[in-house]
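# Structure here, sequence nowhere to be found:
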């Protein structure tokens, strides 16, 4: 049975969208994946551009509210926050949750500099997310996430 995963960040505009789509691409039918935000906003054009490098097109996607998913009674095996620690604490506790995981990544909407510099920084965030997603896939296959999770993951 596929593991249900929810990625959460502030606006559901970049980090959680990248994580969702990378897990969908590399995790195959082993996972059912969604993403949402605390304060959903439009997609970050940098995330849209960077995901095209992975042959992923999210240009037509909409953002979701984590609270709407909670109120709808959605159940997830894994809820993974990809924002800063303070905002991660705002995430509701979903019923039936097996693991709550936190990965901290910089917010592409806060990047400054030239367009090229912003794209490069966003690409770096995407690569960090991809690394964690690929590790998650392997750990879920092993079956014991808590025992084998990396030191940089916060797992509850």
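Alright, I've got the coordinates. Please read these numbers as outputs of a predicted model, since none were measured by experiment. Numbering: from 1, shown residues only.
# wait, residue 24 sits on residue 34?
No - using C-beta atoms under 8 Å, residue 24 and residue 34 do not qualify as a contacting pair, with a distance of 9.6 Å. Where you see a C-beta, it was placed from the backbone N, CA and C, and this is true even at glycine.
# now the residue sitting furthest away from the middle of the chain: how far from residue 22?
Relative to the C-alpha centroid of the chain, counting by C-alpha atoms, centre = their mean, residue 114 is the outermost residue, at 25.7 Å. Applying C-beta to C-beta, to the nearest Å, one obtains 26 Å for the distance of residue 114 from residue 22.
# so how far is the one helix or strand residue 70 maps to from its chain's centroid?
Element membership of residue 70, judged by DSSP states H and E, is helix 66-71. The chain centre lies 16 Å from the centre of helix 66-71; the measure is C-alpha atoms, centre = their mean, to the nearest Å.
# what comes up buried for that helix?
Within helix 66-71, the residues that qualify as buried by neighbour count (16 or more other C-beta atoms under 10 Å) are 66-67, 69-70.
# Out of the helices and strands in this protein, which is least certain?
Counting by mean pLDDT, DSSP states H and E, the chain has its least confident helix or strand at helix 85-88, which shows a mean of 60.
# Mind jotting down where the helices sit in this structure?
Secondary structure of the chain (DSSP state H): helices located at 15-27, 45-52, 66-71, 85-88, 115-142, 145-148.
# Redo the ones you listed as a markdown table? Include distance to residue 60.
Compiled in a markdown table, the helices of the chain are given as follows (distance: least, C-beta to C-beta, whole Å):
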| stretch | distance to residue 60 |
| --- | --- |
| helix 15-27 | 12 |
| helix 45-52 | 10 |
| helix 66-71 | 19 |
| helix 85-88 | 27 |
| helix 115-142 | 19 |
| helix 145-148 | 33 |
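# and of these, who's closest to residue 103?
helix 115-142 (5.2 Å; C-beta to C-beta).
# List the buried residues of the closest one.
Neighbour-count burial for helix 115-142, with 16+ other C-beta under 10 Å as criterion, is recorded at 118-119, 121-122, 125-126, 128-130, 132-133, 135-137, 139-140.
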